[in-house]
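Undergrad: Predicted model and sequence follow; I will ask about them next.
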Amino acid sequence: MATPKVKPLSIFFIPWFATGHLIPMVDVARLFASRGVESTVLVTPANAALIQRTIDSSSSSLSGHPCIRTLLYPFPSAEAGLAPGVENLASVPSTDTYKIDAATPHARPALENLLRTHRPDAVVADVHFGWTASVARDLGIPKLIFHAIGLLPVCAMDSIYKFKPHLNVCDDTETFPIPGLPHPILMARPELPEFFLRDVEELSTFVREMREAEASAMGVIVNSFSGIENAYAGHLYKTKRLRSWFVGPVALAANNSKQEQAVRGSELEEGSNSRPITAWLDTKPTGSVVYVCFGSWCHFSDEQIREMASGLENCGHPFLWVVREDVSKELDPEPLSEKLGMVVKGWVPQVAILSHPAVGVFVTHCGWNSLLEGLTAGLPMVTWPQSTEQFINEKLVVDVLRIGVKNWDGFRTTVEEDNVTVKAEDIAAAVGKIMGSAGGEEAEGMRKRAKEYGEMARAAVEVGGSSYNGLSSLIDEIRSYKK
Ligand SMILES: O=c1ccn([C@@H]2O[C@H](COP(=O)(O)OP(=O)(O)O[C@H]3O[C@H](CO)[C@@H](O)[C@H](O)[C@H]3O)[C@@H](O)[C@H]2O)c(=O)[nH]1
């Protein structure tokens with residue numbers, strides 16, 4: 001007699017409206033799908049267009065089983081005051097980013113309706129959708145929080161909110177420790193996420209979302225691995241009784257077949273051309289290239305772009321620099337490419353570039369995904385944080401893991417007068433500390449540690465590795481709740 005088929009688990013994933021949140025959430029959904037879970041990503045139309053090829057290719061690489069799909073809901077454009085089709089932090093001007101935040105609560109009715117209609121077995125929601133906790137409670141299903149950042153920054157922000165150490169310093173140059181963390185981490189006021197300093201309403205929204213998200217959540221699903229953040233899993237449990245499951249680095253775990261790597265690369269490279277990039281990288285010696293990219297939405301002043309161009313040109317190493325589409329023609333750094341570097345406007349397949357043997361150092365804004373992708377590729381980094389939690393991430397790279405150097409030692413406020421935060425000579429010097437002979441033993445140590453962390457990250461996602469096992473135990477536990 002044939003054994004009755006067990007119905008697969010159905011899990012809904014709700015990413016937020018930013019590329020740095022969308023990409024890893026889709027990777028998490030793909031990971032679940034690769035273990036036989038029916039993964040459904042709830043997404044607005046313009047954001048769906050960004051991920052559709054990844055979703056389609058994942059479905060076909062999963063032997064044709066419809067294990068991953070998207071379910072569309074409308075973006076609340078009118079409520080947010082955004083033009084139709086503008087649905088992502090990356091597509092709004094820097095002055096309008098608050099409108100994406102403003103849109104977020106208006107997405108609730110449509111999302112809630114989908115959850116109540118389809119009644120999945122569990123929901124994994126970005127921390128911005130804290131209200132999902134109460135819907136999950138009504139439906140009697142487990143709910144997991146996805147922060148899109150690591151546990152160190154989550155714990156650091158929680159501590160700063162609770163103990164307000166920044167209120168005990170005299171000025172912006174005085175540093176203070178973040179209380180109670182497993183590592184001694186020193187910060188200065190200008191390095192804090194903006195909402196701690198400026199906007200009481202923004203802070204209270206952030207905290208409300210966090211509290212709502214944590215209320216009755218089963219725990220936190222983390223794009224990281226125990227080799228770098230284990231102490232913070234313990235800390236989170238000690239301070240908030242919140243459990244966490246490491247399943248990352250997800251860019252590596254979800255893309256570990258060659259075919260999937262290729263597809264992910266080709267989807268993201270639209271608007272630019274990866275072939276010349278690869279061909280150019282192929283001509284460069286191993287470890288010689290400086291790769292410079294600042295995620296999906298960082299903006300720089302015109303003056304800073306000029307300064308960066310000059311710094312890179314003078315650093316004495318070939319460089320591959322990714323600039324946003326909206327860099328004005330007048331500032332176009334492209335002529336540089338005739339000299340030492342290659343400048344690409346728009347989107348590049350970053351994960352593939354980082355793993356090219358020619359790349360020797362990553363100049364990064366320390367967005368969590370970039371940080372993990374650089375680490376996974378075993379690369380030392382020059383850190384150039386801009387905003388949000390990126391300065392906290394920088395502490396992980398520079399002070400805790402010791403695989404990077406800061407691009408300058410000042411603070412943001414000291415430089416905003418002339419719209420240049422980092423001078424050309426500082427950029428060249430920071431790169432030199434890792435690439436040049438000036439770095440000496442220290443640079444050698446950084447490169448060695450970076451390689452070791454890269455190996456650790458790969459081991460974590462292999463069958464039997466810590467993140468692989470983390471996902472297995474999470475799925476088993478979700479299954480045990482299924483009625
Ligand atoms: O040309 C590009 C540019 C970016 N990426 C990818 O886009 C993602 C960018 O994410 P991230 O490095 O985290 O940067 P942001 O887009 O700036 O991310 C936002 O979201 C992150 C996760 O919450 C936060 O850590 C950051 O501070 C916040 O700015 C990464 O996967 C990159 O590989 C590309 O593939 N090609």
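TA: Received, thanks. Numbering: from 1, shown residues only.

Undergrad: Do you know the pLDDT at the closest residue to the ligand within the stretch 151-300 of the chain?
TA: Using C-beta to the nearest ligand atom, residue 295 is the residue of the stretch 151-300 of the chain that sits closest to the ligand, at 2.7 Å. The way it works is simple: take the backbone N, C-alpha and C, and place the C-beta from them, glycine included. Predicted confidence (pLDDT) at residue 295: the value is 92.

Undergrad: repeat for residue 23
TA: Reading off the confidence values, residue 23 has pLDDT 93.

Undergrad: swap in residue 106?
TA: As predicted, residue 106 sits at a pLDDT of 95.

Undergrad: how much space between it and residue 92?
TA: Look at residue 106 and residue 92: by C-beta to C-beta, to the nearest Å, they are 15 Å apart.

Undergrad: ditto for residue 165
TA: On the measure of C-beta to C-beta, residue 165 and residue 92 end up 33 Å apart.

Undergrad: Repeat that for residue 284.
TA: In terms of C-beta to C-beta, residue 284 sits 36 Å off from residue 92.

Undergrad: Check residue 226 too.
TA: Residue 226 sits 36 Å away from residue 92, taking C-beta to C-beta as the criterion.

Undergrad: Can you pull the residues of this structure lying near the ligand?
TA: 18-21, 23, 148-149, 268, 293, 295-298, 322, 347-348, 350-351, 367-370, 373, 388-390 (C-beta under 6 Å from any ligand atom).

Undergrad: Quick check: which ranges of the stretch 301-450 of the chain have low pLDDT?
TA: Screening the stretch 301-450 of the chain residue by residue with the criterion pLDDT under 70, one finds the ranges 328-339, 410-419, 437-438.

Undergrad: How about the backbone phi and psi for the residue of it found nearest the ligand?
TA: Distance from the ligand to each residue of the stretch 301-450 of the chain (C-beta to the nearest ligand atom) is smallest for residue 367, at 2.3 Å. The phi and psi values for residue 367, taken as degrees, to the nearest 10, are phi -60, psi 150.

Undergrad: so it makes contact with residue 390?
TA: Yes: the pair formed by residue 367 and residue 390 meets the contact definition of C-beta atoms under 8 Å, at 6.4 Å.

Undergrad: which ones are touching the nearest residue to residue 225 once chain neighbours are set aside?
TA: Leaving aside its sequence neighbours, residue 225 sits nearest to residue 460 (C-beta to C-beta, 6 or more residues apart in numbering; 3.9 Å). For residue 460, the residues meeting the contact criterion (C-beta atoms under 8 Å, 6 or more residues apart in numbering) are 225-227, 246, 248-249, 466-468.

Undergrad: Equivalent analysis for residue 473, please.
TA: Under the criterion of C-beta under 8 Å, 6+ apart, the contact partners of residue 473 comprise residue 245.

Undergrad: any idea which element it lies in?
TA: helix 466-481 (DSSP states H and E).

Undergrad: May I see the buried residues of that helix?
TA: 466-471, 474-475, 478 (16 or more other C-beta atoms under 10 Å).

Undergrad: And stretch 281-301, by the same measure?
TA: Of the residues in stretch 281-301, those scored as buried under the neighbour-count criterion (16+ other C-beta under 10 Å) are 281, 284, 288-300.

Undergrad: From those, pick the one nearest residue 212.
TA: For residue 212, the closest of the buried residues of stretch 281-301 turns out to be residue 297, at 25.0 Å, with distances computed as C-beta to C-beta.

Undergrad: what's around residue 465, how many residues?
TA: Other residues lying near residue 465 total 18 when counted by other C-beta atoms under 10 Å.

Undergrad: so what's it scoring on pLDDT?
TA: Here, the pLDDT recorded for residue 465 equals 97.

Undergrad: how much space between it and the ligand?
TA: Distance check for residue 465 against the ligand: by C-beta to the nearest ligand atom, to the nearest Å, it reads 21 Å.

Undergrad: can you map out the helices along the stretch 1-150 of the chain?
TA: Secondary structure of the stretch 1-150 of the chain (DSSP state H, counting those that start in this stretch): helices located at 19-33, 45-61, 77-80, 97-103, 108-118, 132-139.

Undergrad: For these, state which one has the densest average packing.
TA: For those, the largest average neighbour count (mean count of other C-beta atoms under 10 Å) is found in helix 19-33, namely a mean of 25.

Undergrad: Next, the angle helix 45-61 makes with that one.
TA: For helix 19-33 against helix 45-61, the angle by axes from the mean of the first three to the mean of the last three C-alpha atoms, to 10 degrees is 30 degrees.

Undergrad: Show me how far helix 19-33 is from its chain's centre.
TA: Helix 19-33 sits 11 Å away from the centroid of its parent chain (C-alpha atoms, centre = their mean, to the nearest Å).

Undergrad: Next: stretch 316-331.
TA: Between the mean C-alpha point of stretch 316-331 and the mean C-alpha point of its chain there is a distance of 22 Å (C-alpha atoms, centre = their mean).
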